[in-house]
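# fold the stuff below for me.
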Amino acid sequence: MRLITVATCLIVLISTAAAQQPPEITIRARTAIDGKGQILRNTVVTVRDGKITRVATAPGTVTHDLGALTLLPGLIDTHVHIGWHFDAKGRYHSGPEPPEQAALYGAENAFVTLMAGFTTVQSVGSMSDKPLRDALARGVIPGPRLLSSLGQVSNAKWTPDEIRADIRKKKADGADLIKIFASASIRDGGVPTLSQEQLDAACGEARAQGLRSMVHAHSPESMMRAARARCTVVEHGGLASPEALKALADAGVYFDPNIGLVTQNYLENKSRFLGIGNYTEEGFAAMAKALESKDVMFSAALKTPGLKMVMGTDAVAGAHGQNAREPIERVKSGQRPMDAIIGMTSLAAESMGLGGITGSVTTGLAADLIAVDGDPLTDITALQRVRFVMKDGKIYKR
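Reported below is the predicted structural model:
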């Protein structure tokens with residue numbers, strides 16, 4: 001029943017988005033945060049053909065006056081699992097399912113994510129992401145711009161040559177990046193699973209294929225191996241040491257600690273996951289313990305000079321649409337609000353190779369814009385009060 005309701009909503013929204021819009025849209029904001037660290041006052045953003053064509057003060061009437069709302073670039077989540085969902089019985093769905101069912105659940109997750117103000121996400125990822133990604137790119141369903149790894153490199157028994165061959169296949173399949181498991185899950189202790197040689201092969205082949213590499217790594221050693229291999233970004237770092245964080249910074253590797261949503265969502269939905277795969281009582285105890293130590297790890301990350309920290313949630317079943325909980329937790333744990341916003345806008349776009357496409361309120365970039373009720377620089381929870389959403393110049397929420 002829920003899927004039918006969502007599908008109906010999608011049809012209505014598609015019709016609305018496809019309706020004739022004026023050739024030029026102007027949006028006035030008393031306050032705008034540009035995504036690169038600047039605050040703009042009494043600004044009018046002009047949009048034409050899906051692009052921002054002008055950002056300046058301008059008198060007169062406008063298409064949309066946001067009043068006291070704060071304008072920002074569309075938010076970016078660099079790490080989601082867009083297809084993960086609970087089944088009709090309320091349990092985490094981990095097995096095969098009819099393609100049409102997978103498509104509807106993925107579309108539902110994409111829709112609620114867009115409505116939460118996230119106009120770009122990176123899903124890592126499965127092959128079922130591909131038709132959803134392409135449909136979103138065509139604009140036939142409402143949702144964020146989607147990049148996907150279309151799978152993972154996770155077999156610790158593969159030789160370096162087998163890893164390289166798998167990455168070439170993923171490139172041929174249309175992957176936007178390569179997801180690599182260099183350590184076990186935190187539920188299994190987070191120990192390293194790939195050798196330095198294997199990780200060198202994985203990230204090296206990704207570079208050779210013109211792809212970015214995202215590395216799942218909890219232990220200090222697996223993080224340092226990723227730094228030595230010059231991978232693009234390291235995720236999680238639940239057991240990170242100051243030495244491992246410094247290694248990432250020195251190598252120019254982005255870091256995405258995922259401290260605000262994924263573990264909390266697992267614990268809140270324990271009954272829906274428990275008994276499936278490694279979702280055991282011991283695994284949940286390990287997650288709870290890691291959550292208790294997150295502030296120590298995150299504080300060390302904040303104190304690491306030059307560490308480029310982007311914002312990803314690792315959103316799984318139950319978490320989609322709640323993505324803003326991540327920056328809220330990061331600010332509570334000591335990050336400056338402006339830095340948190342940069343990490344989920346321009347810096348996130350840069351880490352995904354999209355810096356010339358989206359991520360800031362800048363002339364020439366895609367018109368991915370949102371407005372929130374309140375000032376997130378003084379109250380970061382304003383990011384949960386999204387009142388206006390525009391993606392590629394189309395308004396989906398007003």
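# can we go C-alpha only for contacts and neighbour counts from here?
OK.
# ok so Asn58 is a strand residue?
Just to correct that, residue 58 is Ala rather than Asn. No - the assignment for Ala58 is coil, going by DSSP: H, G, I helix; E, B strand; the rest coil, so no strand is present there.
# and it, how far from Ala366?
21 Å (CA to CA, to the nearest Å).
# quick one, which of the two is more surrounded?
For Ala58 versus Ala366, the count of surrounding residues by other CA atoms under 10 Å is larger for Ala366: 26 against 13.
# and the closest residue to that one other than its chain neighbours, what is it in contact with?
What sits nearest to Ala366 in space, not counting adjacent residues and going by CA to CA, 6 or more residues apart in numbering, is Lys51, at 4.5 Å. Residues near Lys51 by CA atoms under 8 Å, 6 or more residues apart in numbering: 363-367, 392-393.
# tell me the pLDDT at Lys51?
Per-residue pLDDT puts Lys51 at 98.
# and it, what are its bridge partners?
Arg48, Ala366 (DSSP bridges).
# show me where the stretch 251-398 of the chain has its helices.
Taking DSSP state H, counting those that start in this stretch as the criterion, the stretch 251-398 of the chain carries its helices at 262-268, 270-273, 281-292, 294-302, 325-332, 337-343, 346-351.
# now the angle between helix 281-292 and the fourth one, please.
By that I understand helix 294-302. Interaxial angle of helix 294-302 relative to helix 281-292 (axes from the mean of the first three to the mean of the last three CA atoms, to 10 degrees): 50 degrees.
# got the contact list for helix 294-302?
Against helix 294-302 from outside (CA under 8 Å, 6+ apart): 237-242, 245, 257, 259, 307, 333-335.
# next one: the residue nearest to Phe388 when sequence neighbours are not counted, what pLDDT does it get?
If the residues on either side of it in the chain are set aside, Phe388 comes closest to Arg398, at 4.4 Å by CA to CA, 6+ apart. You'll see Arg398 listed with a pLDDT of 89.
# how many neighbours does Arg398 have?
Residues contacting Arg398 under the criterion other CA under 10 Å number 12.
# in contact with it: list those residues for me.
So Arg398 contacts 387-389 (CA under 8 Å, 6+ apart).
# one step back: scan the contacts of Lys51 and report the most crowded one.
Ala367 (30 neighbours).
# quick one: contacts for that residue?
47, 50-52, 358, 361, 390-393.
# TSV for those residues, including distance to Lys294?
Shown next, in TSV, are these (distance: CA to CA, whole Å):
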residue	distance to Lys294
Val47	41
Gly50	40
Lys51	39
Ile52	39
Thr358	30
Val361	32
Met390	34
Lys391	33
Asp392	36
Gly393	38
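# top of the residues you listed by neighbour count?
Busiest of the contacts of Ala367 [other CA under 10 Å] is Thr358, holding 30 neighbours.
# wait, it touches Gly364, no?
No - judged on CA atoms under 8 Å, Thr358 makes no contact with Gly364 at a distance of 9.1 Å.
# which of the contacts of Arg398 lies closest to Leu71?
Phe388 (8.7 Å; CA to CA).
# what distance do you get for that closest one to Asp166?
Applying CA to CA to Phe388 and Asp166 gives a distance of 42 Å.
# same deal with Lys270?
In terms of CA to CA, Lys270 sits 34 Å off from Asp166.
# for the stretch 251-398 of the chain, what are the low-confidence residue spans?
For the stretch 251-398 of the chain, no stretch has pLDDT under 70.
# what about Leu245, how many neighbours?
With other CA under 10 Å as criterion, Leu245 counts 27.
# can you confirm it is in a strand?
No - judged by three-state DSSP, Leu245 forms no part of a strand; its state is helix.
# contacts only, for it.
Counting by CA under 8 Å, 6+ apart, Leu245 has contacts 223, 300-301, 304, 307.
# filter the residues you listed down to the buried ones, PyMOL style.
With 16 or more other CA atoms under 10 Å as the criterion, this PyMOL line picks the buried residues out of these:
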select buried, resi 223+300+301+304+307
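# export the contacts of Leu245 to a markdown table and tack on distance to Gly35?
As requested, the contacts of Leu245 are exported to a markdown table (distance: CA to CA, whole Å):
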| residue | distance to Gly35 |
| --- | --- |
| Met223 | 28 |
| Ala300 | 24 |
| Ala301 | 21 |
| Thr304 | 22 |
| Leu307 | 18 |
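# pick out whichever of the contacts of Leu245 sits closest to Ile380.
Taking the contacts of Leu245 together and measuring to Ile380 by CA to CA, the closest member is Ala301, at 19.9 Å.
# okay, now the domains of this protein?
2-73+359-397, 75-351 (automatic domain parsing).
# okay, those domains, which one's buried deepest?
Among these, domain 75-351 has the highest mean neighbour count (mean count of other CA atoms under 10 Å), at a mean of 21.
# what about it, start to end distance?
Across domain 75-351, the terminal residues are separated by 14 Å (CA to CA).
# and stretch 383-398, by the same measure?
Span of stretch 383-398 from end to end, CA to CA: 15 Å.
# do the same with stretch 373-390
15 Å.
# same question for stretch 320-334.
Note: stretch 320-334 ends 24 Å apart using CA to CA.
# give me the residues contacting that stretch.
With CA under 8 Å, 6+ apart as the criterion, stretch 320-334 contacts 77, 82, 109-110, 112-116, 258-261, 295, 298-299, 302, 311-313, 315, 337, 340-341, 380-381, 383-384.
# many thanks, I have nothing further to ask.
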